[in-house]
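[1] Mind looking at a prediction? Sequence and model below.
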Amino acid sequence: MYIEQQLITVIQQAFQQNFGLAVSHTDLSLQPTHPEFEGEYTFVTFPWAGRCQQRPEEVARQLGHWIKDQSPLISDFNVVQGFLNFTVADRVWLKQLAVICKDGQFGFLPSNGQRVVIEFSSPNTNKPLHLGHLRNNFLGHAIAEILKASGYEVYKVNLVNDRGIHICKSMVAYQQFGQGETPETTGLKGDHLVGKYYVQFDQVYKEQVASLTQQLGDRERAVKEAPIFLRARQMLQKWEQGDMVVRALWSTMNAWVYQGFEATYERLGIAFDRTYYESQIDLLGKQVVEEGLLQAVFYKKQDGSVWADLTGEGLDHKLVLREDGTSVYMTQDLGVADLRYAHYRFDRSIYVVGNEQDYHFEVLFKLMRRLGRSYTNNMYHLSYGMVDLPTGKMKSREGTVVDADQLIDEMVNVAAQYTQELGKIDDIPEEEAQQLYHTLAMGALKFFLLRVEAKKRLLFDPQASIDFQGHTGPYIQYTHARIAAILRKAQDAAIAYEGDILERHLALQPAERVVMMQLHKFPKKLREAAEAYSPAIIAQYVFELAKSYNRMYGEVAILQEREPMLRTLRVCLSATVARTIQRSMELLGITVPARM
RNA sequence: GCGCUCGUAGUUCAAUUGGAUAGAACGUCGGAUUUCGGCUCCGAAGGUUGAGGGUUCGAGUCCUUCCGAGCGCACCA
């Protein structure tokens, strides 16, 4: 039972007894007391002054007195204007610590029987993953973990965008300039090799457009008629017709890319329960469009293209099928939604997709509703902002993209350098050391990208991201490693938690009380994070927990404490902090080392 | 032009969903270890929350008008 809830129950009784008011549990809420005031929880009485027929101060005073007399929960209270501040009794904190210490699952919820499908990553198979994908992947993975911890049965799915004109661009360039290169002959990762040709296509295309524009004096025509572009279109048609040669090349190049992706996912620590390929689900969307036509949800233009009229809902007309009968983006998502429901019978379906798709999903959900899909209300677009660089926006064509693999390599180097300077792991095997550098690098990167609220755009400063001090992943990892060192020594000295600590009247230091309060907050933060689909809440929380511990570490002795009860208490507190850090970071997909 | 999102210390982010004197980190300056891991800790300086108006006991938060930024409004995905 959480302290806040207990306190609210008492306040409820206090209203009844002192003012004859029956107030519901949900109308009462507490907030943390500002540090400059005495106490831990604050109840605001301004809104109640009217119903109590008293000034806010007076209401606070009466409630405070009554609660202090009646409940062992608080040791003191004070009133500042309409703010009633409670000081929770040390014994209550100690008891709470005992509970958290014993309960290895503290804060995690038991199964609620609900299924969630979460789609993320969704790469195109024409170029390697970049920084933007990292934000997407980390978000998706973290939210999946958070929902699992909240009792959901979670399925992670990836929808690979493996068909379309952009794929053909890489293929055309490869055909023309590739000279039979393979990942093996070049030593390049498959996704990078294919990406190279995607870039090359664009260079050639630009040149052709430039010269053709001069020739024709018409840029618009040049854009549409550049030879290499025509070849790409032609190739797409052949692909649609199932041309053997084109399909073979497509399979080969896609296989290269998948191998490359697999390696990158592995480094990121990300995996999926199922992968969908757009090339395989083409038909489903078309069936949904057929169905919509029958229901008059869609209409057909004279040229044969199919549209939805959303002008009644303040939107515009939306194409759902081309005049030549081929699918567009929307067609596919209509089909995928059904397929996913058929596969999982989900209670919720989450799409982790960038905010440039906000409109697309708004339309998609409206269409699904019109089509009478009962699960529409359970679909959610988790929209996130772009990742910007200090130099401006990332543009693949201008080479300002931050490549994921390259970035990880750099971070690993920095981690190695810092770690060697610290010199705490000189005795461990090389393989383990490499593993550790990777752990630290990913910790820095993931924390950097997850600490910002998803919907906000995020500035990626390469300089700041490799910083290991301050508001960073490694700062938290370091805190964990330091506690782990203490615990190793405590074990050697046979200091362990003993249940009777809370029977003693131990006086807590303010810094210890703050740490306990932070620990106590974990379940609430997890709940908030799950409701808001927000890993940033966990990131914020775990940082504050680490900070509160580090402050305490500076103020009180732990193993050096002479009083055995206090020493035991602090070891127990340290162990609980370490475990909570570990579990919180795990929710973010970050591993914490025992040494670093 | 229309729609959506955003605007908070020099910089990057918070602000418990409408609560007290708007908080952290980085950077700057100044400190701390006879002791448990200094990738740590403590302190200082730094703000008209883009601007104006409104709602109320109380607004960074809600409404409104401007200003600025990003994204979208493709028979691309």
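    Everything's here; your move. Numbers count the residues shown, from 1 in each chain, chains lettered A, B, ... in the order given.

[2] quick one: buried residues of the helix or strand containing A:A232?
    Using DSSP states H and E, A:A232 sits within helix A:227-241. Buried positions in helix A:227-241, judged by neighbour count with 16 or more other CB atoms under 10 Å: A:I228, A:F229, A:R231, A:A232, A:M235, A:L236, A:K238, A:W239. C-beta here means a position set from N, CA and C on the backbone, and glycine is covered the same way.

[3] With stretch A:322-333 instead?
    For stretch A:322-333, by 16+ other CB under 10 Å, it's A:S327, A:V328, A:Y329, A:M330, A:T331, A:Q332, A:D333.

[4] Isn't the fourth one up against A:F361?
    To tie it back to what came earlier, the one meant is A:M330. No. A:M330 is beyond contact range of A:F361, at 10.2 Å (criterion: CB atoms under 8 Å).

[5] In this structure A:H130 contacts A:D405, no?
    No. Look at A:H130 against A:D405 with CB under 8 Å: they stay out of range, at 9.5 Å.

[6] what mean pLDDT does the helix holding A:A232 have?
    In this model, helix A:227-241 has a mean pLDDT of 91.

[7] could the buried residues of helix A:227-241 go into TSV alongside distance to RNA strand B?
    What follows is the buried residues of helix A:227-241, written out as TSV (distance: CB to the nearest atom of the strand, whole Å):
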residue	distance to RNA strand B
A:I228	16
A:F229	12
A:R231	16
A:A232	10
A:M235	13
A:L236	8
A:K238	15
A:W239	11
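
[8] Point me to the helix or strand that includes A:S349.
    Take DSSP H and E as the rule and A:S349 turns out to sit in strand A:348-354.

[9] ok, that strand: who's next to it in the sheet?
    strand A:115-119 (parallel), strand A:379-384 (parallel) (DSSP bridges).

[10] For RNA strand B, find the nearest of those strands.
    strand A:379-384 (8.0 Å; CB to the nearest atom of the strand).

[11] List the strands paired with the helix or strand just after that closest one, with their directions.
    Downstream of strand A:379-384, the next assigned helix or strand under DSSP H and E is strand A:387-388. With DSSP bridges as the test, strand A:387-388 is paired with strand A:458-459 (parallel).

[12] For the stretch 351-500 of chain A, which residues score under the pLDDT cut-off?
    Where the stretch 351-500 of chain A drops to pLDDT under 70, the residues are A:392-400, A:496-500.

[13] If you average the pLDDT over stretch A:534-551, what comes out?
    Here the average pLDDT along stretch A:534-551 is 96.

[14] contacting residues around it?
    A:138-139, A:142-143, A:146, A:447, A:450-454, A:471, A:475-476, A:479-480, A:483, A:511, A:514-515, A:518-519, A:521-522, A:525-526, A:528-529, A:574, A:577, A:580-581, A:584-585, A:587-588 (CB atoms under 8 Å, 6 or more residues apart in numbering).

[15] cool, stretch A:100-118 as well?
    A:99, A:140, A:143-144, A:147, A:149-157, A:340, A:344-350, A:352, A:497, A:519-520, A:522-523, A:526, A:572, A:575-576, A:579-580, A:583.

[16] Enumerate the positions of it that are buried.
    A:I100, A:C101, A:F106, A:G107, A:F108, A:R115, A:V116, A:V117, A:I118.

[17] do the same with stretch A:555-568
    A:V556, A:I558, A:L566, A:R567, A:T568.

[18] Where helices are concerned, which of those count?
    Mapping the buried residues of stretch A:555-568 onto helices (DSSP state H) picks out A:L566, A:R567, A:T568.

[19] wait, which of these is closest to RNA strand B?
    Nearest to RNA strand B among these, with distances taken as CB to the nearest atom of the strand, is A:R567, at 8.3 Å.

[20] separation between the closest one and A:R233?
    Here A:R567 is placed at a distance of 75 Å from A:R233 (CB to CB, to the nearest Å).

[21] Nice, that's everything, thank you.
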